[in-house]
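Engineer: got a predicted model here, sequence first, then my questions.
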Amino acid sequence: MPVDFATRTSLRIGIAGVWGRMGQTLLGEILRSEGAFLFAAGSESTSHPRLGDPLLDPQTREPLGSSAFGDAGALFEISDVVLDFTAAEAAPQHAAAAAASMFQVEPAQAREALAGFEPRPLRGQRIRFEQGFTVVNDAYNSNPVALASMAEALSRTPEAKRRLLVAGEMKELGAGTAELHRQAGEKIAALGNIDFLAGVGGAARHLIAGATSAGMPEERAKFFASKQDAGDWLCRTVREGDWVLLKGSRAIELETLLETLQARFAAGIPAASGRE
């Protein structure tokens with residue numbers, strides 16, 4: 001049911017993807033919010049290895065007395081707000097669960113109503129190329145939290161043979177620009193399964209520095225001063241089975257890399273074979 005935010009002194013927060021890096025970070029923040037937010041519950045995919053494990057306080061490791069739901073619908077029923085850190089493929093199911101809870105309709109009815117939904121341009125658009133790779137165009141805008149969330153979603157995409165993250169610099173971060181980019185790079189490296197990270201433009205060099213300092217091999221973490229150089233590298237590197245995420249601030253217009261890929265592969269030029 002709709003929540004009257006004006007009259008509530010605290011909100012019950014649900015976390016979809018509670019066992020992931022971002023989910024655990026948020027869980028810790030909620031537990032230390034001094035009552036402003038309450039942890040309602042968490043959910044995970046039914047195939048997640050920790051689905052039945054007791055949830056713990058990320059800092060103290062004390063049990064919270066519950067485990068993650070395998071049914072997202074149950075999460076939406078008991079939460080005022082749900083923050084979703086799961087793979088992009090789960091978004092339609094979770095959107096249907098949210099709509100079913102909000103409008104008090106059957107989940108199947110909500111799924112049918114949302115079946116034809118497509119993301120707005122530059123916001124999670126998924127483009128499948130005939131050469132067998134997939135591009136997720138989320139280049140409308142970026143910030144450290146949004147980048148970390150999308151990077152984790154990419155890391156949790158099971159059908160990807162390789163994962164390529166192309167991140168444009170994040171604008172309007174003020175005096176902390178360099179450090180925030182460095183921290184973002186460290187978080188991406190810590191995911192452990194991002195095969196290539198490309199930073200594009202200006203402050204993105206700090207993103208790459210953070211990633212390599214956290215253990216990502218230098219040959220897989222590259223900085224490009226220009227989008228043209230980044231596009232040339234991407235065309236040489238991408239191959240069948242890859243998933244490519246484009247994420248950057250609006251001023252960077254990173255969607256032009258998608259146009260570069262479309263121009264290169266429209267004529268049926270095969271994607272790269274072998275591993276760079």
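Structural biologist: Looks like it came in fine.
Engineer: CA only for contacts and neighbour counts going forward, please
Structural biologist: Will do.
Engineer: for the helix or strand bottoming out on mean pLDDT in the chain, packing partners?
Structural biologist: Ranking every helix and strand in the chain by mean pLDDT, DSSP states H and E puts helix 107-114 at the bottom, with a mean of 77. The contact analysis (3 or more CA pairs under 8 Å, 6 or more residues apart in numbering; DSSP states H and E) places helix 107-114 against helix 91-103.
Engineer: helices or strands next to the helix it packs on in the packing?
Structural biologist: Using 3+ CA pairs under 8 Å, 6+ apart: helix 91-103 touches helix 72-78, helix 107-114.
Engineer: mind exporting the host helix or strand of residue 166 as CSV, just the C-alpha atoms?
Structural biologist: Element membership for residue 166 (DSSP states H and E) is strand 162-168. Presented in CSV, the C-alpha positions along strand 162-168 are these (Å, rounded to 0.1, in the frame of the first residue of the first chain):
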residue,chain,number,x,y,z
ARG,A,162,33.4,-11.6,-19.7
ARG,A,163,32.4,-8.3,-18.1
LEU,A,164,33.7,-5.0,-19.5
LEU,A,165,33.0,-1.8,-17.6
VAL,A,166,33.5,1.5,-19.4
ALA,A,167,33.2,4.4,-16.9
GLY,A,168,33.4,8.0,-17.8
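Engineer: and the next helix or strand past that strand?
Structural biologist: The first helix or strand that comes after strand 162-168 along the chain, using DSSP H and E, is helix 177-191.
Engineer: which residues does the residue lying closest to residue 182 once chain neighbours are set aside contact?
Structural biologist: In space, residue 182 comes closest to residue 210 once its chain neighbours are excluded; the distance is 4.2 Å by CA to CA, 6 or more residues apart in numbering. Residue 210 makes contact with 181, 182, 183, 184, 185, 186 under the criterion CA atoms under 8 Å, 6 or more residues apart in numbering.
Engineer: how does it look with 6 Å?
Structural biologist: In this structure, residue 210 makes contact with 182, 185, 186, judged by CA atoms under 6 Å, 6 or more residues apart in numbering.
Engineer: how about CSV for the residues you listed, with pLDDT and distance to residue 28 added?
Structural biologist: Listed next are these as CSV, based on pLDDT from 0 to 100; distance: CA to CA, whole Å:
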residue, pLDDT, distance to residue 28
182, 97, 22
185, 97, 21
186, 97, 19
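Engineer: which one (most neighbours) among these?
Structural biologist: Among the contacts of residue 210, the one with the most neighbours (other CA atoms under 10 Å) is residue 185, at 30 neighbours.
Engineer: that one and residue 132: what is the separation?
Structural biologist: 28 Å (CA to CA, to the nearest Å).
Engineer: where in the stretch 51-200 of the chain is pLDDT low?
Structural biologist: Residue ranges of the stretch 51-200 of the chain with pLDDT under 70: 88-89, 115-121.
Engineer: and with 90 instead?
Structural biologist: Along the stretch 51-200 of the chain, segments meeting pLDDT under 90 span 52, 71-78, 80-81, 83-126, 140, 145, 149, 153, 156-159, 172.
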